[in-house]
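# Let's see this in three dimensions:
(one chain, ligands or ions: 1)
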Amino acid sequence: MLIAMTNPAVQLTGLTKAFGAVTAVGGVDLTIRRGEVVALLGPNGAGKSTTIDMILGLLRPDSGTVLLDGQPPARAVARGAVGALLQTGGLLPDLTAAETVRLAAGLQRKARPVGEVLREAGVEPFAGQKVGGLSGGQQQRVRFAMALVADPELLVLDEPTTGLDVESRRAFWTTMREQTAGGRTVLFATHYLDEADAYADRIVLLRSGKLIADGTAAQIKAAVTGRVIRATVPGADLAALAALPGVDRVETRGDVVLLHCNDSDAALRGLLTTTAAYDVEVTSRNLEDAFIALTAAGSAQ
Ligand SMILES: Nc1ncnc2c1ncn2[C@@H]1O[C@H](COP(=O)(O)OP(=O)(O)OP(=O)(O)O)[C@@H](O)[C@H]1O
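From the prediction side, this is the model:
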């Protein structure tokens, strides 16, 4: 009997890497399905680049495994299944943008027509200029074209818009999004929450080498941005308040109670109908604050 199996695009199991006393990546398990656009989000030093370098086979894990479509990274890279845009390097200043992409194409077993890739990556307007004289944003586009030229199934982008202005960032992501519309799998590292929110189907949050949250942007928001109801409740019965629908946790400050909620509407209905609560306020942490709280070094979450 033939069993049709679809391997995940990326499968990380117990991935671990230390540099001396620093555990850069500490036991990461992650499965990315084909066609997903996943953001690896985390503050500086969270382990994003180290994870990406291991995914690309540029760095050997101390323990754990990486499988790309069921294969070790070296095999997947050799057959042109993986395109990467790394933070720095990879560009020779005296070559033109077009020559650079042509060179990258020449290194592939099977490459797409270079002219087509230059157009798609937005390199065409400056294709004849030397790379050394291009702006940061233009150089990123050249790197992007190099990553696309093998027509990879998996695109890995390490902080692709770092150092770009807002306009160039937006233009870059528009191009990237067109590339993913065709079902390509994309993993990109970023420390910009707004980028992860806007461009990823799924956000994986890393802090100190550990995966601390994984879900759609909506799920992450719900998990980190719970609402708080603040009210004055004379003689409050804390156990009864904690038992209200939608309430996770109760705190008191004298007559003032703080209800930490997963469903503040339900909690509010319960509070107003079963107690003499007054001066009621509902507040929510915004996503940026919640992200900072969640990723702050040493914070217990
Ligand atoms: N080659 C190395 N030698 C020593 N320590 C390293 C090396 N590479 C990374 N580290 C350390 O490992 C940790 C994770 O670094 P990594 O670059 O993976 O984080 P990151 O999330 O990509 O950060 P950034 O957003 O700043 O690029 C950091 O503490 C870093 O100092």
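
# contacting residues for the one residue in the stretch 151-300 of the chain that gets nearest to the ligand?
The minimum distance from the stretch 151-300 of the chain to the ligand, using CB to the nearest ligand atom, falls at H191 (5.2 Å). Glycine gets a C-beta too; all of them are placed from N, C-alpha and C. By CB atoms under 8 Å, 6 or more residues apart in numbering, the contact list for H191 reads L41, G42, P43, N44, A46, K48, E159.

# same thing but 10 Å
By CB atoms under 10 Å, 6 or more residues apart in numbering, the contact set of H191 is L40, L41, G42, P43, N44, G45, A46, K48, E159, T162, F291, T295.

# same thing with V204?
28, 30, 32, 38-42, 48, 51, 187, 189, 196, 211-215, 220.

# Mind checking what secondary structure it has?
strand (DSSP: H, G, I helix; E, B strand; the rest coil).

# Quick check: bridge partners of the closest residue to P8 other than its chain neighbours?
Nearest non-adjacent residue to P8, counting by CB to CB, 6 or more residues apart in numbering: T31, 4.8 Å away. For T31, the beta-bridge partners are Q11 (DSSP bridges).

# Now do T31 against R249, distance only.
Note on T31: its distance to R249, by CB to CB, to the nearest Å, is 31 Å.

# try A213
For A213 relative to R249 (CB to CB), the value is 19 Å.

# L155 now?
Following CB to CB, the distance that separates L155 from R249 is 41 Å.

# So if I had to pick from those two, which one is more boxed in?
L155 (22 against 13; other CB atoms under 10 Å).

# Just the buried residues of stretch 124-142, please?
For stretch 124-142, the neighbour count (16 or more other CB atoms under 10 Å) marks E124, F126, A127, V131, L134, G137, Q138, Q139, Q140, R141, V142 as buried.

# Cross-check the contact I'm expecting between the last one and V101.
Yes - between V142 and V101 there is a contact under CB atoms under 10 Å: 6.7 Å.

# Residues that sit against both of the two, list them.
Shared contacts of V142 and V101, defined by CB under 10 Å, 6+ apart, are found at L95, L118, A121, V123, A127.

# Shouldn't R143 be within a strand?
No - read with three-state DSSP, R143 is helix and lies in no strand.

# contacting residues for it?
Counted by CB under 10 Å, 6+ apart, R143 has contacts 84-91, 100-101, 104, 121, 123, 131, 157, 160.

# make it 8 Å
Here R143 is in contact with L85, L86, G90, L91, P160 (CB under 8 Å, 6+ apart).

# can you give me phi and psi for the closest residue to the second one other than its chain neighbours?
So that's L86. Among residues not flanking L86 along the chain, D158 sits closest, at 5.1 Å (CB to CB, 6+ apart). Main-chain torsions, D158, degrees, to the nearest 10: phi -100, psi 110.

# thought D158 was touching Q87?
Yes - D158 is within contact range of Q87, at 5.1 Å (criterion: CB atoms under 8 Å).
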